[in-house]
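Asks: sequence first, predicted coordinates after that:
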Amino acid sequence: MSDGPPIAADAPRYNFREAEPKWQRAWEERGCFHVADLPSGQPPKYYVLEMFPYPSGKIHMGHVRNYTLGDVVARYKRMRGFEVLHPMGWDAFGLPAENAAREREIHPAQWTWENITTMRAELQRMGLSLDWSREFATCDPDYYGHQQKLFLDMLAAGLAERRESWVNWDPVDGTVLANEQVIDGRGWRSGALVEKKQLAQWFLRITAYAPELLAALDQLDRWPERVRIMQAKWIGRSEGARLRFALTRPEAAIREVEVYTTRPDTLFGMSFLALAPEHPLALAVAAHDAGAASFVDECRRMGTSEAVIEAAEKKGYDTGLRVAHPFTAEKSFPVWIANFVLMEYGAGAIFGCPGSDQRDLDFARKYGLPVIPVVLPPSADPNTYEVGDEAYDGPGTMINSGFLNGLDSERAKEAAIAELERLGAGSREVNWRLRDWGVSRQRYWGCPIPVIHCPTCGIVSVPEADLPVQLPEDVDFRPPGNPLDHHPTWKHVSCPRCGGAAQRETDTFDTFVDSSWYFARFCSPHSVVPVGRRAADFWLPVDQYIGGIEHAILHLLYARFFTRAMKATGHLSIEEPFAGLFTQGMVTHESYRTAAGHWLYPEEVEKLADGKAIRRDTGEEVAIGRVEAMSKSKRNTVDPEAIISRYGADTARWFILSDNPPERDMEWTEAGVAGAFRFTQRLFRLAENIAASPKAERPPQFSKTAHALRQSTHRTIEAVTVALESFAFNVAVARIHELANALGEAERSEPDPGLAWARREAIEAVTRLIAPMMPHLAEEINTRLNPASGMLVAEMPWPEADPDLVAADTVTIAIQVMGKLRGTITAAPGADPNSVISAAMAEPNVARALAGKRIVKQIHVPGRIVNFVVAR
RNA sequence: GCCCCGCUAGCCUAAUAUGGUAGAGGUGCCGCGCUUAGAACGCGGAGGUUCCGAGUUCGAGUCUCGGGCGGGGUACCA
């Protein structure tokens, strides 16, 4: 990438290469962004936090977007007089470091710390208003040691427990695989068919808080609606019944099967019972039935991913067992093992009602099982109604349902549950989709779980004095499996309780644990306890949290739970960590592909005037592919470092803010960046032209032109303020463009003293309005306008709009007849409705449309519209 | 599969949480000016079944229902 053209010293151009480092140093020297753990002053606090990055190597455009958005908020709130906490750190444990270790024989710690060094420098070049004195990485023993303490407290409080659960097992590598490491049912490295395997693992009891986590969503009024909906569905409260089906003959001492259903009303529509492949009864059958065993094996090879299991073709195996129906003892139904029944949800078994559930219907059609309609849709004819290809799961009237016949489905649910309870066959139950959080990982690069397994005493907590349990540094990644497990000495310890030979837990925590409390640690990052209580009480909750929508469920739900668990164990006073949440969209780019099918990076491609694209080196024409999320595999990435060195941080920031609403995906385009760059130069020139003439006295009267400019200035202040408050940064940018256009027009107008004053007022306002978005340019313009002041824009207050200049002089009102626009009139704001309506009727075009018609209704929305409804 | 979201000039998008004249701003295109602020600059202009189909309403880009396309999540990627 070229360094760009030399910039002549005397050219009135903004030299960002010189200015950006200069202002970054100035902010640092003045400590503009440092705050105390416990500030002593009066200002209200504001905690801005962006999701901290995983140190993958270099920052990418998604980071630039995320941290730009957060920085705008932080700088704006600072100018509004808040004491702003804006920290940064590193989500430093995780799988990629271990992959790098295996692939390139570099230690995960070295790889991680080198990445952090690189990425910290990149972030610093963006000019972010961060308090770097609070920086930490989750792989610091200091951080994870405190995390171990939090876990031990939760264990003591009964919020952690150990139980069996399933993992993806690669039998060749002898390793547990992440879902993303399973490709088409095979291990990504070995290619071996993956199996589910049961392991003893640690769980955090998030389900204990399910009702609270659901109920509190209503109070999160500064969270996006869609995130709250997604979380509510994920927690998934349902009301239904748990009921037991008796087997017609026992199987391995199992006499009945429990089922959970949300549709007890449809029990008469049952045609089969289906078990999850991991269900004890399924396993009991498989023990002596080769067909069942092979089907269960096949299901195990699908791995643990819900997306894979649910998207797979519905398949089953008839065990030959039958169950009696609780309402009609004479009838019995076949028991199948089905690949779409999840062991983790409900009772791990369902009754199939093909008429009322699409999956059950698909299954019944495939295996020739009966389909009995039991719910008649409201508009259907009871004499002819049949279930075709689509199951009906809506409300309706019960048919073919014995004692439930004629009831609507809601009342039938109640009646069915009452009957189940009378028969002793089942009972009402509230069920949750949410499962407990499995936190054990069989990996090296994570926080060690601080327990010891003693053959005599069982599970023993590591004594607090021995924390942190540190990762050993001398590890060997060549053998398959967990390096902690095959380390020669690390796991061998004596039991803290009985002193006998014992072994450390070799599992480490899920990295979501690390990110579930970092926001609290930032309040007092050097505290000797996990969270300095007074600092946390002062700063928390986070006022504005910003990050990707991909974290809408897991990370945010885990952090909400962890905060409650930390309160329960005496570490925090709050329940909800994030009072405000903003979720940003992705950064996308065109992709380019040669005829031979090779992806090319944008910098390898030249776009021609006719819209086509060629390879720079060979001139070969390349196909322009879809605009999609930047990814290394498609090579449609743009390196932020290259953009910043070529155009400067302010240009990158401005472009990111200018085009799209931040919650939506944005397309990175060369033309867009170039436009942002031109605007930085344009603003700089406008400012230089004003700085060149001495400050004018404020005149008692303003010319019409000057007054109009002043109105633009104050309306822009007003509009930008509203836009920033509502995250409409693209609108804020547009308003500033407008004011720049007005300044350009003023530059060309007949000069007068009042206009000179108004121009300076306008550019001073622009300087502050752009300061959150283009902080370096704002400082540079400010020193030129006020060379002697010594003030930094970073320390200035936000401008205030004069309401008299904001108010509109006149409004244009649209006049419709029967909803069709027929003309417009102008009126004073708040004009008398009668005079507006008579003026509307007098408008010539309107008068023509009304001629000879009788007005039956007139609608007047003051300041906007008049609509006449006439008789036909 | 299931849950959630998005779709407006060639392209990105605005249109007060609450329905009221479809266009603020950028980019691209066309034209004019200037001839050096050069990766030019300044000014002007054209450009539309608001994804499709129904419904509610005096009035729908906005609300409801159905469909299409695209995206996020799906519990061990972060």
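Replies: That came through fine. Numbering: from 1, shown residues only, chains lettered A, B, ... in the order given.

Asks: could you point out the longest strand of chain A?
Replies: Assignment by DSSP state E gives strand A:237-251 as the longest strand of chain A.

Asks: show me what the helix or strand following it is packed against.
Replies: Per DSSP states H and E, strand A:237-251 leads on to strand A:254-261 as the next helix or strand towards the C-terminus. Here strand A:254-261 touches strand A:237-251, strand A:272-275, helix A:280-286, strand A:349-352, going by 3 or more CB pairs under 8 Å, 6 or more residues apart in numbering; DSSP states H and E. Where you see a C-beta, it was placed from the backbone N, CA and C, and this is true even at glycine.

Asks: in whichever helix or strand comes after the third one, which residues are buried?
Replies: In this case it means helix A:280-286. Counting by DSSP H and E, the next helix or strand C-terminal to helix A:280-286 is helix A:290-300. Residues of helix A:290-300 classed as buried by neighbour count (16 or more other CB atoms under 10 Å): A:Ala292, A:Ala293, A:Phe295, A:Val296, A:Cys299, A:Arg300.

Asks: tell me the one of these nearest A:Asp173?
Replies: Of all these, A:Arg300 has the smallest distance to A:Asp173: 17.0 Å, by CB to CB.

Asks: got the residues of the stretch 201-350 of chain A near RNA strand B?
Replies: A:201, A:225-226, A:229-230, A:233-234, A:236, A:304-307, A:310-311, A:344-345 (CB under 7 Å from any atom of the strand).

Asks: in helices, which of these fall?
Replies: Taking DSSP state H as the definition of helices, those contribute A:Glu225, A:Arg226, A:Ile229, A:Met230, A:Lys233, A:Trp234, A:Glu306, A:Ala307, A:Glu310, A:Ala311.

Asks: can you list the low-confidence ranges for chain A?
Replies: A:1-12, A:607-612, A:625-628, A:633, A:872 (pLDDT under 70).

Asks: run the last query once more with 80
Replies: A:1-12, A:329, A:379, A:588-614, A:616-617, A:619-637, A:872 (pLDDT under 80).

Asks: measure A:Ile549 to A:Ala596 for me?
Replies: A:Ile549 is 35 Å from A:Ala596, where distance means CB to CB, to the nearest Å.

Asks: nope, A:Gly830 is what I meant
Replies: Here the distance between A:Gly830 and A:Ala596 works out to 69 Å (CB to CB).

Asks: quick one on the thing from earlier: mind listing what's buried along the longest strand of chain A?
Replies: A:Gly240, A:Ala241, A:Arg242, A:Leu243, A:Arg244, A:Phe245, A:Ala246, A:Leu247, A:Glu251.

Asks: how distant is that strand from the center of its chain?
Replies: From the chain centre to the centre of strand A:237-251 is a distance of 38 Å (CA atoms, centre = their mean, to the nearest Å).

Asks: in the stretch 501-650 of chain A, what residue spans correspond to helices?
Replies: A:511-514, A:518-521, A:533-539, A:554-568, A:640-647, A:649-658 (DSSP state H, counting those that start in this stretch).

Asks: of the ones you listed, which is nearest A:Pro277?
Replies: Across the helices of the stretch 501-650 of chain A, closest to A:Pro277 is helix A:554-568 (CB to CB), at 25.1 Å.

Asks: which residues touch the closest one?
Replies: A:51, A:150, A:154, A:157, A:159, A:204, A:206, A:209, A:212-213, A:216, A:227, A:231, A:234-235, A:437, A:512-513, A:515-517, A:519-520, A:531, A:547, A:572-578, A:581 (CB atoms under 8 Å, 6 or more residues apart in numbering).

Asks: so that helix, near RNA strand B or not?
Replies: Yes - with CB under 7 Å from any atom of the strand as the criterion, RNA strand B is reached by helix A:554-568 at A:Leu554, A:His555.

Asks: what helix or strand is A:Glu122 on?
Replies: helix A:108-125.

Asks: actually A:Phe684, sorry about that
Replies: Per DSSP H and E: helix A:670-691 holds A:Phe684.

Asks: how about the residues of the stretch 751-872 of chain A near RNA strand B?
Replies: Residues of the stretch 751-872 of chain A lying near RNA strand B (CB under 7 Å from any atom of the strand): A:811-814, A:816, A:818-819, A:821, A:824, A:857, A:859, A:861, A:864-865, A:867, A:869.

Asks: if you rank these by neighbours, which is first?
Replies: Within those, neighbour counts (other CB atoms under 10 Å) peak at A:Ile813, which reaches 23 neighbours.
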